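A.B. asks: Need a 3D model of the following:
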Amino acid sequence: MSTGGGADKSGGGGGGAVKTPSDFLKSIRGRPVVVKLNSGVDYRVEYKPGTTNVVADALSRRDEHLAKALALSAPQFSLFDELRHEVLTSPELTAIRDDIAKGSKPLAWAFTDGLITFKGRIFVSASSPSLPAILELAHGLGHEGTQKTLSRLRADFHLARDRAVVQEHARACFTCQQNKTEHLQPAGLLQSLPVPSAVWADIAMDFVEGLPRVHGKTVILTVVDRFSKFAHFIPLAHPYTATSVAAAFFAEIVRLHGVPASIVSDRDPVFTSTFWRELFRLAGVRLNLSSAFHPQSDGQSEVTNKIIAMYLRCLTGDRPRHWLRWLPWVEYCYNTSYQSSLRTSPFRVVYGREPPTLRAYEPGSTRLPAVQQAMQDRDEFLREIRDRLEQAQQTHKSAYDGKHRALEFSVGD
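C.D. replies: Presented below is the predicted three-dimensional model:
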């Protein structure tokens with residue numbers, strides 16, 4: 001950089017001005033500053049205050065001498081030179097080259113520009129010292145999977161057992177192991193809870209929330225006996241507390257079946273509260289809480305919740321605010337239904353007999369209008385349930401038939 005009177009001199013390619021807010025130039029802004037580049041062009045450096053140098057866009061700079069700048073340095077890629085050297089020194093590649101020259105190799109093989117090619121792609125032997133660099137070239141671009149890496153590799157190179165080689169390279173890639181998502185099965189086997197040996201000695205508890213508010217009730221507390229699968233469904237008001245849940249538990253469960261030996265539940269704030277823990281510690285009840293993010297531990301109550309939701313959808317249908325009215329029927333249907341794990345119904349396990357059958361109402365069999373109305377409502381309700389089940393069956397049939405074709409057979413086919 002010079003500060004003499006040589007401003008605006010051009011050394012053969014024209015000149016220009018470079019404007020800058022540099023603090024260094026403030027002290028000499030009265031005198032022109034000239035920068036002479038290797039390209040032979042002189043540029044006059046002018047000071048421009050930063051407040052007036054608005055939106056300096058680097059993309060607007062002229063690139064007339066870009067070719068000269070790029071000519072100063074260029075990357076040197078020696079991979080093909082190394083492959084050519086291997087053809088001269090490797091006995092395997094030399095034999096292949098000689099076979100190509102003799103014409104004993106198929107037409108797909110060729111020797112071009114010092115390289116052995118197969119179908120226009122450069123042949124690389126499995127023992128080539130350049131193989132790791134070639135694999136990294138194909139895989140390291142985006143650290144993609146086997147298929148995509150193979151596609152990039154096969155575009156220019158040919159090697160035997162390329163899929164196995166690429167798979168082994170991808171498995172050993174540190175970047176992939178550190179950053180990619182695992183597509184393996186979850187680790188850890190299921191640790192089952194001990195199987196109970198008595199009725200209502202070991203129970204599971206959970207909540208079903210988000211129901212329409214009816215008489216202040218929006219929550220169902222489900223309590224299931226892990227031995228017999230017998231369940232009680234207790235409606236609760238929201239918000240509920242550990243005190244209100246404990247009161248409902250003792251009123252509806254302990255009153256009928258006594259104090260259990262253990263309770264399995266999730267980590268709801270009610271079940272982890274100090275009040276709940278201390279209350280059942282004094283009662284001698286062992287609390288088994290499921291692990292975080294592992295609802296399988298409380299699988300019995302989770303499955304029961306799904307069944308409750310299914311029953312309520314079938315029973316209430318387009319009248320969701322009637323769920324509280326039909327909740328006792330839901331409990332009766334659940335406890336009298338066949339359980340595949342028991343090979344019988346929970347009702348029979350607990351009481352030792354089959355549940356009583358519901359007689360169909362015959363008009364005129366009672367003289368009390370209230371009883372007659374109740375029985376007629378029950379029969380109407382059962383007819384609606386049948387209609388809803390048929391509607392659901394038709395919906396599933398339509399979805400299934402949409403992916404299948406009709407096929408009929410005649411006798412003798």
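A.B. asks: Stretch 329-338: how far from the chain's middle?
C.D. replies: With Cα atoms, centre = their mean, to the nearest Å as the basis, stretch 329-338 stands 36 Å off its chain's centre.
A.B. asks: And for stretch 278-287?
C.D. replies: 39 Å.
A.B. asks: so for it, what's the average pLDDT?
C.D. replies: Stretch 278-287 shows a mean pLDDT of 93.
A.B. asks: Next, the buried residues of that stretch.
C.D. replies: Residues of stretch 278-287 classed as buried: Leu279, Phe280 (neighbour count, 16 or more other Cβ atoms under 10 Å). C-beta coordinates here come from the backbone N, C-alpha and C atoms, glycine included.
A.B. asks: quick one: contacts for Ala261?
C.D. replies: Ala201, Asp202, Gly284, Val285, Arg286 (Cβ atoms under 8 Å, 6 or more residues apart in numbering).
A.B. asks: Widest-spaced pair of those residues?
C.D. replies: Asp202 and Gly284 (13.5 Å; Cβ to Cβ).
A.B. asks: Distance to Ala237 and secondary structure added to the contacts of Ala261, as CSV?
C.D. replies: Formatted as CSV, the contacts of Ala261 follow (distance: Cβ to Cβ, whole Å; DSSP: H, G, I helix; E, B strand; the rest coil):
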residue, distance to Ala237, secondary structure
Ala201, 30, coil
Asp202, 28, strand
Gly284, 29, coil
Val285, 25, coil
Arg286, 29, strand
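A.B. asks: Please enumerate the helices of the stretch 301-413 of the chain.
C.D. replies: 323-335, 346-351, 369-401 (DSSP state H, counting those that start in this stretch).
A.B. asks: Nearest to Glu302, out of the ones you listed?
C.D. replies: helix 323-335 (14.5 Å).
A.B. asks: Could you list every helix and strand in contact with that closest one?
C.D. replies: For helix 323-335, the packing partners by 3 or more Cβ pairs under 8 Å, 6 or more residues apart in numbering; DSSP states H and E come out as strand 231-237, helix 299-316, helix 346-351.
A.B. asks: returning to what we had before: confidence-wise, which of the helices of the stretch 301-413 of the chain is weakest overall?
C.D. replies: Taking the mean pLDDT of those, helix 369-401 comes last: a mean of 70.
A.B. asks: rewinding a little: show me the one of the helices of the stretch 301-413 of the chain that comes nearest His143.
C.D. replies: helix 369-401 (40.6 Å).
A.B. asks: if we can go back for a sec, now render the helices and strands packed on helix 323-335 as JSON lines, adding distance to Phe271.
C.D. replies: Formatted as JSON lines, these follow (distance: least, Cβ to Cβ, whole Å):
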{"stretch": "strand 231-237", "distance to Phe271": "14"}
{"stretch": "helix 299-316", "distance to Phe271": "11"}
{"stretch": "helix 346-351", "distance to Phe271": "24"}
